[in-house]
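Asks: here's my sequence, what's the structure:
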Amino acid sequence: MNYKEIKKNDILLFDGAMGTMIKSYGLNINNSIESYNFTEEEKIKRIHREYIKAGADVITTNTFGANKIRFKNDKYDIEEIIIKGIKIAKEAREGNDKILLAYDIGPTGVGVKPVGTLTFNEAYEIFKKQIVIAVENEVDLILIETILNLEECKAAIKSAKDCSNLPVFCTFTLNGEGKLFDGNSIENAIKEVDKLDIEAIGINCSPGAKDIHIIIEKIKKLTEKDIMVQPNTRCYINNLKTFIEISENEFSEEILKCIEKGATIIGGCCGTTPRYINKIKEKLNQL
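Replies: Numbering: from 1, shown residues only. As a prediction, the model looks like this:
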């Protein structure tokens, strides 16, 4: 089913953090958490089901770091991890095709030249390997997220579009100055990616959950594409010089502000749990 058919009131609700939930089960998240697709299959499936129960329209595969550079586990190869991650997510939705399955792609971890170590073609081939497997295993869309490097973003999008006809969503991660980690402004990054044939662009895993709607407002002025936002729960308080965790209610209120400014695809990143997604769902139902 096409994601546009699922959007309720023109809003598509993604799930929240995978790593946060894995940690809540007492598991180590400092290693390749994708290996838990084999060693903790039932826990990963339970996480997906909790997000579905919370009201998510889309669940995201546990494959964020499933590339040859990031994934460090001699027991399993990347293809096995990807196939298993997709299988678990499919089982979690129990035949309900109104719950969409997003294949999750994170950054390579080393970036693309001139600020990284990979050439454009090397990055392209790394992403291509993942995407071909994902397409063969029938996911509904491709999510390229937590992108720090504009050239790496372009390589990932090109590989996704060359290897599939699936909808492609792409989200950048910003530093405390509101820029990509390669120095590009969010405005320049959006302008560049807006030229490419993808369905949605936006931001995720960025600080400042209490005022992220300001960035969404900037993005809205630069694109006609769907705008996606998945903030963290941590917010930096200038006068206290520290980070605080915001509550489910505060988070959902900020998401509503993002919707007012133009976001149409929403969810959560680090720190979020099914409770956060459920609170967003409650607020959406009141609109």
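Asks: wait, a strand at residue 171?
Replies: Yes. Using DSSP: H, G, I helix; E, B strand; the rest coil, the secondary structure at residue 171 is a strand.
Asks: hey, where'd the helices end up in the stretch 51-200 of the chain?
Replies: With helices called from DSSP state H, counting those that start in this stretch, the stretch 51-200 of the chain shows them at 78-93, 120-136, 150-163, 186-194.
Asks: by mean pLDDT, flag the weakest helix or strand of this structure.
Replies: strand 234-237 (a mean of 65; mean pLDDT, DSSP states H and E).
Asks: start to end distance for stretch 63-78?
Replies: 9 Å (C-alpha to C-alpha, to the nearest Å).
Asks: can you list the buried residues in that stretch?
Replies: Buried residues in stretch 63-78, defined by neighbour count with 16 or more other C-beta atoms under 10 Å: 63-67, 70-71, 76, 78. For glycine as for every other residue, the C-beta is placed from the backbone atoms N, C-alpha and C.
Asks: quick one, strands of the stretch 151-287 of the chain?
Replies: Secondary structure of the stretch 151-287 of the chain (DSSP state E, counting those that start in this stretch): strands at 168-172, 200-204, 226-230, 234-237, 242-245, 265-266.
Asks: would you reformat the ones you listed as CSV and include mean neighbour count and distance to residue 147?
Replies: What follows is the strands of the stretch 151-287 of the chain, written out as CSV (neighbours: other C-beta atoms under 10 Å; distance: least, C-beta to C-beta, whole Å):
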stretch, mean neighbour count, distance to residue 147
strand 168-172, 25, 5
strand 200-204, 26, 9
strand 226-230, 26, 12
strand 234-237, 16, 19
strand 242-245, 12, 22
strand 265-266, 26, 16
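Asks: quick one: closest of these to residue 287.
Replies: strand 265-266 (12.2 Å; C-beta to C-beta).
Asks: who are the packing partners of that closest one?
Replies: strand 12-13, strand 226-230, helix 248-261 (3 or more C-beta pairs under 8 Å, 6 or more residues apart in numbering; DSSP states H and E).
Asks: for these, which one ends up most surrounded?
Replies: strand 226-230 (a mean of 26; mean count of other C-beta atoms under 10 Å).
Asks: pretty sure residue 155 contacts residue 120?
Replies: Yes. With contact defined as C-beta atoms under 8 Å, residue 155 counts as touching residue 120 (5.3 Å).
Asks: tell me which of these two has more neighbours.
Replies: The neighbour count for residue 155 versus residue 120, taken as other C-beta atoms under 10 Å, is higher for residue 155 (25 against 14).
Asks: make TSV out of the strands of the stretch 151-287 of the chain and add distance to residue 212.
Replies: Below are the strands of the stretch 151-287 of the chain laid out as TSV (distance: least, C-beta to C-beta, whole Å):
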stretch	distance to residue 212
strand 168-172	12
strand 200-204	7
strand 226-230	6
strand 234-237	9
strand 242-245	14
strand 265-266	11
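Asks: ok, back up a step: need the overlap of contacts for residue 155 and residue 120.
Replies: Overlap of the contact sets of residue 155 and residue 120 (by C-beta atoms under 8 Å, 6 or more residues apart in numbering) consists of residue 112.
Asks: quick one: neighbours of residue 121, just the number.
Replies: Residue 121 has 10 nearby residues by other C-beta under 10 Å.
Asks: which non-adjacent residue is nearest it?
Replies: In space, residue 121 comes closest to residue 155 once its chain neighbours are excluded; the distance is 8.0 Å by C-beta to C-beta, 6 or more residues apart in numbering.
Asks: skipping adjacent residues, who's closest to residue 151 in space?
Replies: Nearest to residue 151 is residue 112, by C-beta to C-beta, 6+ apart, at 4.0 Å.
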